[in-house]
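Colleague: Everything below, folded, please.
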Amino acid sequence: MESTVIHDYDDVFVYIGERGLYQIFMFILLGLPAYFAGFNGITVNFYAYPQEHWCYVERLQHYPHEWQKYVAVPYVDGSDDQYDSCLIYDLDYDNLTDEDIRQWNRSLQVSDDTATLDCDAWVYDQSEVVSTIYSEVNYVCFICIL
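Modeller: Down below sits the predicted model:
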């Protein structure tokens, strides 16, 4: 019986075989999960896409999205073009007539001192993506609360 001395890492493959059943089995065993993990890493871009969202006001649901935000949603602090996605003005929207809503002038109706409320329902912009995991479970404003 001849003893084999292994001096180098590559010598191991010469001894056990460079491309045999064992290597194929190990490639499948270790490579297949990595292959699917790559798909999982890519799909998160689709099912966890951050949709634009804002507070839902039942009285305003039949108006265009931009008008809903203009009437009911405050701006983010220091911005005059980015709406807050987690707050709504504390106004009695049910007492507004359609004419009041169509003639709404934000600078006359609300100010920096107007009270706001946290949302309990949201409207999602579905122009790019119809549905994501966040919109399905309404898991959108936890970052706003922190």
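Colleague: Which residue ranges of this structure form helices?
Modeller: 9-16, 21-47, 65-72, 98-102, 106-109, 133-137, 142-145 (DSSP state H).
Colleague: Correct me if wrong: Ala72 contacts Tyr93.
Modeller: Yes - using Cβ atoms under 8 Å, Ala72 is in contact with Tyr93, at 6.9 Å. C-betas here are computed from N, CA, C, even on glycine.
Colleague: intersection of neighbour lists for the two?
Modeller: Val57, Leu60 (Cβ atoms under 8 Å, 6 or more residues apart in numbering).
Colleague: Nearest to Asp84, out of the helices of the chain?
Modeller: Asp84 lies closest, by Cβ to Cβ, to one member of those: helix 142-145, at 8.0 Å.
Colleague: Geometrically speaking, which residue is the centre of the protein?
Modeller: Pro50 (2.8 Å; Cα atoms, centre = their mean).
Colleague: Pull the contacting residues for the closest residue to that one other than its chain neighbours.
Modeller: Using Cβ to Cβ, 6 or more residues apart in numbering and skipping the chain neighbours, the partner closest in space to Pro50 is Tyr134 (7.1 Å). Under the criterion of Cβ under 8 Å, 6+ apart, the neighbours of Tyr134 are Ala48, Pro50, Gln51, Val140.
Colleague: Can you give me the distance of the last one to Tyr134?
Modeller: Meaning Val140. Applying Cβ to Cβ, to the nearest Å, the value for Val140 to Tyr134 is 5 Å.
Colleague: Need the overlap of contacts for these two.
Modeller: Gln51.
Colleague: Next, count neighbours for Leu32.
Modeller: 10 (other Cβ atoms under 10 Å).
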